[in-house]
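Undergrad: Sequence plus the predicted model coming up.
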Amino acid sequence: QKSVAEAAAKLRPEIFDKATAFYLEYRALVHGEIFGYLEELEFISGILDFTRKTENAGIPHSFPSVTEEKKLDFKNIYDVTLILKDTENIVPNDAFFSQKEPFFYLTGANGGGKTTFLRALGVNALLFLAGAPVFCEKGEACLTRSSLIFLETSVLKARGAFLTRYAAWTRSSPPRKDKA
């Protein structure tokens, strides 16, 4: 997969030749950290491009306000990963968590949208923590060190649970014998 910089270099090689010449001439004067921002710029560029795609699909985005109150309140969040699957008519949902109501039971029929709701919540929470737009009409959330630690711990637990289940599945499943 090519980076944005590589694609731009193919489109306008003369500019990148000048930039390379500048770098080679002045590299002793330029601190190496500056070049570390290229990945961040690629992330921002990718978010901007994706936001344009969601706008074309009629999906709103916002920058939720940060609150001191420990809560997450997103009105009409969308699972924007469905855009990548060319899904039409994406249905939004509200999400509200607070210290008084820190969890909920999510039930429903197969194919009823439970996974889609959780994915919408997770993707938008990560975008909020990254300072990116959130795909909802409006929102408010707490941004504390504990929320970041919770997020990191949750990801590690999910990875651990997946690896545990995968190991159990591989031990219990007989090896496949593909037909020649």
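TA: Now that the structure is in, tell me what you want to look at.
Undergrad: Show me the shaky parts of this structure.
TA: Confidence mapping of the chain against pLDDT under 70 gives the ranges 1-5, 7-8, 30-36, 38-39, 144-180.
Undergrad: Strands of that one, residue ranges please.
TA: In the chain, the segments counted as strands under DSSP state E are 65-67, 71-77, 93-98, 138-142.
Undergrad: Serialize these to JSON lines and add fields for distance to Ala132.
TA: Where C-beta positions appear, they are placed from N, C-alpha and C, glycine not excepted. What follows is these, written out as JSON lines (distance: least, C-beta to C-beta, whole Å):
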{"stretch": "strand 65-67", "distance to Ala132": "14"}
{"stretch": "strand 71-77", "distance to Ala132": "14"}
{"stretch": "strand 93-98", "distance to Ala132": "17"}
{"stretch": "strand 138-142", "distance to Ala132": "12"}
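Undergrad: Mean neighbour count and distance to Val123 added to these, as JSON lines?
TA: Listed next are these as JSON lines, based on neighbours: other C-beta atoms under 10 Å; distance: least, C-beta to C-beta, whole Å:
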{"stretch": "strand 65-67", "mean neighbour count": "12", "distance to Val123": "19"}
{"stretch": "strand 71-77", "mean neighbour count": "20", "distance to Val123": "9"}
{"stretch": "strand 93-98", "mean neighbour count": "15", "distance to Val123": "12"}
{"stretch": "strand 138-142", "mean neighbour count": "19", "distance to Val123": "13"}
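Undergrad: Which one of those strands lies nearest to Phe117?
TA: Phe117 sits nearest to strand 93-98 of all these, at 5.4 Å, using C-beta to C-beta.
Undergrad: May I have that closest one as CSV, with CA atoms only?
TA: What follows is strand 93-98 as a C-alpha-only set of coordinates in CSV (Å, rounded to 0.1, in the frame of the first residue of the first chain):
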residue,chain,number,x,y,z
ASN,A,93,-28.3,5.1,17.2
ASP,A,94,-27.8,7.1,20.4
ALA,A,95,-25.3,6.1,23.0
PHE,A,96,-25.2,7.2,26.6
PHE,A,97,-23.0,6.1,29.4
SER,A,98,-22.4,7.8,32.8
